[in-house]
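Colleague: fold the following and give me the result.
(2 chains)
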Amino acid sequence: MRRNFKRTLFAAVSATAALALTTGAVAFCGFYVAKADTKLFNKASKVALMRDGDRTVMTMANDFQGDLKEFAVVIPVPVVLEEGQIHVTENAIIDHLDAYTSPRLVEYFDDDPCAVYLRRELQSVTAAPMMEAEDETRIADSLGVTIEAEYTVGEYDIQILSAEQSDGLAAWLKQNGYKLPDGAEEILGSYIKQNTKFFVAKVNLEEQEQTGLKYLRPLQIAFESPRFSLPIRLGTVNANGKQELFVLALTRTGRIETTNYRTVKLPTDKEVPLYVKGEFGEFYKSMFHEQVEQENGRAVFLEYAWDMGWCDPCAADPLSAKELRELGVYWLNDGANNIMPRRPAPQAQNVFVTRLHVSYDAEHFPEDLMFKETGDRSNFQGRYVLRHPYKGDAKCDAAEQYRAELPKRFEKEAQTLANLTGWDIDDIREKMNEGDQPFSEPAKESWWERLWGNDKKDG
Amino acid sequence: MLDVSFKDKIAKDPRHYQLLTLSTLLAYGIASGIFEISAAQIVGIFAAALSAQYLGCLMNAVRFEPRSALITALSLSLLLRGDGVAPLMMAAAIGVGSKFMLRLYGKHIFNPANIGIVSMLLISQTIMPGAAWTTPGQWGTAFWFAALLAGVGLFVTYRAARFDVPLIFLGTFAVLIVARAFWLGDPLAIPFLRLQNGALILFAFFMISDPKTTPDGTLARAAFAGTAALLTYILSFHFFISDGLFYALAFVCIVRPIFEALDPAPHYHWGDSIKPIRLPRISPRHRKHIPAE
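Modeller: You can find the predicted model right below:
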């Protein structure tokens, strides 16, 4: 009877441990080793989008590296913006959001194959501890262009234009020193007929000097519009080849997706060869390129979807309430108790982040990206895994079997890597051999070799 | 040996064709990883749809007839996504329940799957944020092509069973968005991109075409489909509502008695025999006879 009770108690405890393991919060245990952030791509733009109902805050960062005099942007906006709706923020916040949502590489170390039993038992008791994170109004009459407003915000001189005709607007822009590539006029025309206004910005060099910065800070605009979209068409006309765009969306209900293009999840949770650790950036770029090809260049990729309250593993700490408010998350209060936890903890913050990555050109993405917010709050991250084989001395039957299985595992990793990146499988195998992942079984040791300390006789 | 009339009955009832093609599309969508719907959600939808059907039949003292409920369940599995099982079951129960509860002149008012989707979308935007949503962009070209093929198959096989609706709907919608592209000076790639949408094709061939909820008169039906297309266009391009087509159908179903009053015709019954489409005479009464040689 007592024995029965004990068994039942044990079963109940095991069931609780199993439940704890499946709630997600404690599902992961691995060392975070590297991230693949947007800096890997040249000419990449990053846009943070806060969207709630009709309210939108758009934060636009770019990696413009030329002469600041040359910098000019024309952004279609749905309404005439007041000065208070325009803001300049710090790069650091966008960089933080970028880092937090980046695809990540993690590593595991195999345990002693002989201690398999013990390990399993330990796991069910301790339920996998969380890893700490490392870390104005004039009219240009003749052209039909109206300057609805003019402001200087931060280092930018900004004008909000409305126009009657695309040729008038094109002429005005050219007169004012904006370079318009061929094909841009038709697109401007399309926007004008859709009653779109134009937000044009140039760098105010004096103001820029005062900032003391060598780069341009991200521009932010806040507006209300039922249209939830990102204008990419003007960007496709002056580009040589494809452009990289990262959309980092902050919403209340769930993940966002595109409605006029397919949103595809990036392959994730793949075990890859150990040498990828040294070239994770290259790996991610090749893999992304390969995935774009597989979708015929027409897909938008989901790289991260997560509740802003935590992460697992963390490529960077979650953003603080202050940072989120700066990016437009107006529903968070500035209260002292709203500071995001420095450590990843499963605490819902009512802010859901989605990271979309798109490599676009006019041929494959003829229309602006149209989005919708879904109710999907399931977590997704681009995560790639390194598994280090056990290196210690292990001399049980299980160890021999473990070693015999390794080449098979390495081969699978090689094939996974080849499939993901399109890299040559033989090159991969060679690099793995050179590294510490041989494909041949190690020669069996004779029983007597270690008998009289023979393994150390040369030393 | 099968009774000939029995075989005939199976072949004549378009629901069998719909059941077959919709389940094939669902299986394909799940196998290829396009659809993010769990087994539990699918089971939940089917259970809710069949229960509502059973209850409805019981209360109205009619024989239990699962086919329409199954079609509703399949349509919902294909088109609606939810946070958990409950919102999707609610959609199925509301959809099938509406067939018994919301009736006018001996016909149910709404297409069951449509009203299920519309109800849940409205609920999701008000009292239960994020409960259910549609995924209009997530189909891919291959699925679009498969759905188109299935749709054309349905049209060819059951032409007389009032499947002129999808062509009028898609035709009107295509004309509107192509005209818009011309007006804006946009490349035709944009309207073509909008037409290559699996949800649009499924909606056209398997939802708005439902003979039970479309007007019985040919002209009324054309007006019905045309109005739905115009509304879809306005909701999508002027109000930026990505689920515009579902709202459009629910609206035209409400005003359907007006179309029917203007062009009365006998009600459709499943398996009605195939007759050529009755088109209004526009051409001269007698065609010129062209003598051979």
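
Colleague: export the strand or helix carrying B:T232 to CSV, keeping only CA atoms.
Modeller: Secondary structure from DSSP states H and E places B:T232 in helix B:218-237. What follows is helix B:218-237, C-alpha atoms only, in CSV (Å, rounded to 0.1, in the frame of the first residue of the first chain):
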residue,chain,number,x,y,z
THR,B,218,-30.0,34.1,-64.2
LEU,B,219,-30.0,37.9,-64.3
ALA,B,220,-30.4,38.1,-60.5
ARG,B,221,-27.5,35.8,-60.1
ALA,B,222,-25.3,37.9,-62.4
ALA,B,223,-26.3,41.0,-60.5
PHE,B,224,-25.5,39.2,-57.2
ALA,B,225,-22.0,38.2,-58.3
GLY,B,226,-21.3,41.5,-59.9
THR,B,227,-22.3,43.5,-56.8
ALA,B,228,-20.2,41.2,-54.6
ALA,B,229,-17.1,41.8,-56.9
LEU,B,230,-17.7,45.6,-56.8
LEU,B,231,-18.0,45.6,-53.0
THR,B,232,-14.9,43.4,-52.6
TYR,B,233,-13.0,45.9,-54.8
ILE,B,234,-14.2,48.9,-52.8
LEU,B,235,-13.5,47.3,-49.4
SER,B,236,-10.1,46.1,-50.5
PHE,B,237,-8.8,49.2,-52.3
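
Colleague: check whether that helix contacts chain A.
Modeller: No - counting by CB under 8 Å from any CB of the partner chain, no contacts exist between helix B:218-237 and chain A, the nearest distance being 8.9 Å. In this view, the C-beta of every residue, glycine as well, is placed from N, C-alpha and C.

Colleague: after that helix, next one along is what?
Modeller: Past helix B:218-237, the next helix or strand by DSSP H and E is helix B:244-254.

Colleague: give me the element the closest residue in space to B:F239 that isn't next to it in sequence is part of.
Modeller: Of all residues not flanking B:F239 in the chain, A:P226 sits nearest, at 6.2 Å (CB to CB, 6 or more residues apart in numbering or on different chains). Assigned by DSSP H and E, A:P226 belongs to no helix or strand.

Colleague: what about A:P226, distance to B:L235?
Modeller: 11 Å (CB to CB, to the nearest Å).

Colleague: if you count what's nearby, which of these two comes out ahead?
Modeller: B:L235 (19 against 11; other CB atoms under 10 Å in any protein chain shown).

Colleague: now do the contacts for the more buried one.
Modeller: B:I241, B:G244, B:L245, B:Y247, B:A248 (CB atoms under 8 Å, 6 or more residues apart in numbering or on different chains).

Colleague: quick one: pLDDT of the fourth one?
Modeller: Each residue has a pLDDT score; the one for B:Y247 is 95.

Colleague: which residues touch it?
Modeller: Contacts of B:Y247 by CB under 8 Å, 6+ apart are B:V118, B:L121, B:L231, B:L235, B:I241.

Colleague: got those residues as JSON lines, with distance to A:L216 columns?
Modeller: JSON lines is the format used below for the contacts of B:Y247 (distance: CB to CB, whole Å):
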{"residue": "B:V118", "distance to A:L216": "46"}
{"residue": "B:L121", "distance to A:L216": "41"}
{"residue": "B:L231", "distance to A:L216": "45"}
{"residue": "B:L235", "distance to A:L216": "39"}
{"residue": "B:I241", "distance to A:L216": "36"}
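
Colleague: which neighbours do A:P226 and B:L235 share?
Modeller: Joint contacts of A:P226 and B:L235 (CB under 8 Å, 6+ apart) are B:I241.

Colleague: for stretch B:56-66, buried residues please.
Modeller: B:G56, B:C57 (16 or more other CB atoms under 10 Å in any protein chain shown).

Colleague: once you drop chain neighbours, what's closest to A:L230?
Modeller: Using CB to CB, 6+ apart, the nearest residue to A:L230 is A:L369, at 4.5 Å.

Colleague: ramachandran coordinates for that neighbour?
Modeller: Main-chain torsions, A:L369, degrees, to the nearest 10: phi -70, psi 120.

Colleague: isn't it right next to A:I232, touching?
Modeller: Yes - counting by CB atoms under 8 Å, A:L369 touches A:I232, with 5.8 Å between them.

Colleague: grab the nearest non-local neighbour of B:G116.
Modeller: Nearest non-adjacent residue to B:G116 (CB to CB, 6+ apart): B:G95, at 3.0 Å.

Colleague: so the one you found sits in a helix?
Modeller: Yes - under DSSP: H, G, I helix; E, B strand; the rest coil, B:G95 sits within a helix.

Colleague: for A:K391, helix, strand, or coil?
Modeller: Quick answer, by three-state DSSP: A:K391 is coil.

Colleague: repeat for the one 3 residues further on
Modeller: Assigned state for A:A394: coil (three-state reduction, three-state DSSP).
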